[in-house]
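Enquirer: how does the following fold in three dimensions:
(chains A and B)
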Number of protein chains: 2
Amino acid sequence: MARYIDIHCGFVGATEQQFRAAHENRLAVEDAEGVRFERAWLDQESGTAFCLCSAPSREAVLRAHERAGDPAGEVYEISIEVPS
Amino acid sequence: MARYIDIHCGFVGATEQQFRAAHENRLAVEDAEGVRFERAWLDQESGTAFCLCSAPSREAVLRAHERAGDPAGEVYEISIEVPS
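Expert: So this is what the prediction gives:
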């Protein structure tokens, strides 16, 4: 399993309730794609969201987000994390 | 204190040792700007880094990164985090 950070730009104007609902949708598709969503952050002003997850591949991350209804714009594979 | 995620694009070709050294440089300037760097992630393939921090303002985040020698390209203020 590798770890990924992805960026979404589609949350302009989203409320806290909407963002939490989007995260629940992600959790609901985790098993189907073998992805585990760990954390998600939202900057409401810009509508930018970030998700930190573990997954078997970049494609699995993309598929999981599509299934959940919020496609990821960019997916970055984490090779180093500090503190480790 | 608010929380921020920032993105850096200048780590193309950086080794693990270089990325860890960059993080040590950030920790060394925390007190001067009142910033606390919590985690940092690097995608070595694209040279993209992400830092998660707490800070009194966006400007403090920018100043801390400049002092540390790796200016942040983008800074996002986190208004919602899940799980909370």
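Enquirer: can you get me a residue count around A:Q17?
Expert: 9 (other CB atoms under 10 Å in any protein chain shown). Heads up, the C-betas are built off the backbone N, CA and C, glycines and all.
Enquirer: in terms of helix, strand or coil, where does it fall?
Expert: For A:Q17, the assignment made with DSSP: H, G, I helix; E, B strand; the rest coil gives helix.
Enquirer: ok, A:S46 next?
Expert: Using three-state DSSP, the structure places A:S46 in coil.
Enquirer: and it, how many neighbours?
Expert: A:S46 is flanked by 13 other residues according to other CB under 10 Å.
Enquirer: what residues are up against it?
Expert: By CB atoms under 8 Å, 6 or more residues apart in numbering or on different chains, the contact list for A:S46 reads A:12, B:76.
Enquirer: run the last query once more with 7 Å
Expert: Going by CB atoms under 7 Å, 6 or more residues apart in numbering or on different chains, A:S46 touches B:Y76.
Enquirer: do the one 5 residues further on as well
Expert: If you count contacts by CB under 7 Å, 6+ apart, A:C51 has them with A:6, A:37, A:40.
Enquirer: what bridges to the nearest residue to it once chain neighbours are set aside?
Expert: The shortest distance from A:C51 to any residue other than its chain neighbours is 4.7 Å, reached at A:A40 (CB to CB, 6 or more residues apart in numbering or on different chains). Beta bridges link A:A40 to A:C51, B:V82, judged by DSSP bridges.
Enquirer: circling back: got a winner among the contacts of A:C51 for most neighbours?
Expert: A:D6 (24 neighbours).
Enquirer: ok, that residue touching A:A72?
Expert: Yes. Contact criterion CB atoms under 7 Å: A:D6 and A:A72 qualify, at 3.9 Å.
Enquirer: so what sits against both of those two?
Expert: A:61, A:65.
Enquirer: wait, what's in contact with the nearest residue to A:A22 once chain neighbours are set aside?
Expert: Closest residue to A:A22 apart from its sequence neighbours, by CB to CB, 6+ apart: A:D70 at 5.3 Å. Neighbour list for A:D70: A:8, A:10, A:22 [criterion: CB under 7 Å, 6+ apart].
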